[in-house]
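K.L.:
fold the following.
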Amino acid sequence: MVTITTPTLAKIPQLRPLNILNDLPVVADLVETCFAGTLDTEGRNYIQQMRRASRDGHFLRWATTAIETASMPLSGYVWEENREVVGNVSLVPYKRDGKKVYLIANVAVRQDHRRKGIARALTVTAMQHALERHARAIWLHVRDDNPGAAALYASLGFRERARRTLWQASPARSLIPAGTVITITSRQARDWPQQEAWMRQLYPDILDWYHSIPWLSLRPGLWPSLYRFFLEYETRQWAARVDGGPLLGALAWLPSMGRADRLWAAAPREGADGALIALLLHARRTFTWQKNLSLELPAGQSQEALLAAGFKPVRTLIWMQVDETLLPESRKSP
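P.N.:
So this is what the prediction gives:
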């Protein structure tokens with residue numbers, strides 16, 4: 001069996017664990033500088049949250065006790081040169097079926113220190129950290145326009161498991177309907193079985209540990225309705241049909257705190273462009289008070305329909321998982 005090995009920290013004096021009490025501001029600066037050309041709204045919000053956290057004494061005291069339990073980038077490693085942090089890697093623990101899954105994130109190296117093996121050393125150390133804590137799986141994601149980083153991770157044993165594109169559009173009350181015979185109505189309970197089946201195709205559970213579908217917020221029925229009522233959780237859902245015929249597609253809207261509101265599409269993989277265009281235009285006309293609407297789909301899925309509805313691709317992420325032959329037998333995913 002192949003194993004992951006890394007030099008001990010004693011042999012790499014420049015590499016040390018992240019100090020959550022002292023390192024957050026400089027790590028925020030480093031991540032912002034390294035990814036300045038690709039930061040979207042969520043990325044900028046993330047940087048701002050990191051800086052606010054560094055000034056919040058209550059949060060920092062809590063964070064020191066929750067490093068290995070909270071699904072937040074509270075642990076990791078930094079690389080120092082002349083007492084300056086020039087490299088970083090974050091580790092975010094998650095749980096799936098009661099077992100740990102680690103996400104490696106924020107692999108950043110200052111421009112003038114690249115091509116020295118720092119990113120590799122940081123990533124390998126993060127992998128070893130996860131293994132020592134009995135990780136069931138180790139994941140990371142990389143933008144598809146960063147082939148150098150993707151090649152580095154592949155050389156360390158990561159394999160592509162999914163490729164997903166985030167799309168965004170701004171609301172616009174003045175949009176003209178698509179001009180088709182497709183009609184948009186509220187989603188009915190009878191639509192749910194087909195809607196759910198299509199959603200499971202578009203949002204496979206391979207990444208449910210990271211961003212699970214809020215099924216309880218979408219399902220019809222008394223208990224889901226009570227759940228939404230007591231949590232004051234608003235959800236809107238629409239269905240696309242022609243002359244009351246079979247369901248052609250569905251779209252759900254859920255609000256999101258601090259980021260673009262999320263749309264969840266449900267449609268067959270082929271022949272759904274007309275329905276998707278009508279649904280997405282309807283959503284854009286409806287939510288005129290929102291800043292942005294976002295939708296994530298498998299890369300290459302329904303591109304023409306999304307563009308026709310005024311959505312623009314923000315980023316495509318390649319999701320990579322450590323080849324399971326590198327994990328001890330008892331830690332493999334089922």
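K.L.:
wouldn't Ala162 be in contact with Leu207 here?
P.N.:
Yes. With contact defined as C-beta atoms under 8 Å, Ala162 counts as touching Leu207 (6.2 Å). No exception for glycine: its C-beta is placed from N, CA and C like everyone else's.
K.L.:
joint contacts of the two?
P.N.:
Shared contacts of Ala162 and Leu207 (C-beta atoms under 8 Å, 6 or more residues apart in numbering): Trp319.
K.L.:
skip the chain neighbours and tell me the closest residue to Glu33.
P.N.:
You called it Glu, but residue 33 is Thr. Excluding its sequence neighbours, the residue lying closest to Thr33 (C-beta to C-beta, 6 or more residues apart in numbering) is Arg110, at 7.1 Å.
K.L.:
equivalent analysis for Ala267, please.
P.N.:
Leaving aside its chain neighbours, Ala267 sits nearest to Gly249 (3.8 Å; criterion: C-beta to C-beta, 6+ apart).
K.L.:
ok, how many other residues are close to Ser174?
P.N.:
Under the neighbour criterion other C-beta atoms under 10 Å, Ser174 is assigned a count of 6.
K.L.:
got it, and Trp167?
P.N.:
Neighbours of Trp167 using other C-beta under 10 Å come to 23.
K.L.:
mind listing what the one helix or strand it maps to pairs with, with the direction of each?
P.N.:
Remark: Trp167 resides in strand 158-169, with elements defined by DSSP states H and E. With DSSP bridges as the test, strand 158-169 is paired with strand 293-298 (antiparallel), strand 312-322 (antiparallel).
K.L.:
could you dump the ones you listed into CSV with distance to Leu306 and mean neighbour count added?
P.N.:
Below are those laid out as CSV (distance: least, C-beta to C-beta, whole Å; neighbours: other C-beta atoms under 10 Å):
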stretch, distance to Leu306, mean neighbour count
strand 293-298, 7, 20
strand 312-322, 8, 18
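K.L.:
so which of those gets nearest Pro73?
P.N.:
Among the strands paired with strand 158-169, strand 312-322 comes nearest to Pro73, with 16.4 Å by C-beta to C-beta.
K.L.:
domain map for the protein?
P.N.:
9-135, 166-317 (automatic domain parsing).
K.L.:
these: which one's closest to Gly157?
P.N.:
Proximity to Gly157 (C-beta to C-beta) singles out domain 9-135 among the domains of the chain, at 8.1 Å.
K.L.:
which parts of the stretch 1-150 of the chain are helices?
P.N.:
In the stretch 1-150 of the chain, the helices defined using DSSP state H, counting those that start in this stretch lie at 24-34, 41-54, 57-63, 118-132, 147-155.
K.L.:
closest to Tyr94 out of those?
P.N.:
Per C-beta to C-beta, nearest to Tyr94 of the helices of the stretch 1-150 of the chain: helix 118-132, 11.0 Å.
K.L.:
that closest one: which residues count as buried?
P.N.:
Buried positions in helix 118-132, judged by neighbour count with 16 or more other C-beta atoms under 10 Å: 118-131.
K.L.:
can you get me a residue count around the nearest residue to Trp215 once chain neighbours are set aside?
P.N.:
The shortest distance from Trp215 to any non-neighbouring residue, by C-beta to C-beta, 6+ apart, is to Glu196 (7.9 Å). Using other C-beta under 10 Å, the number of residues around Glu196 comes to 15.
K.L.:
nothing else from me, thank you.
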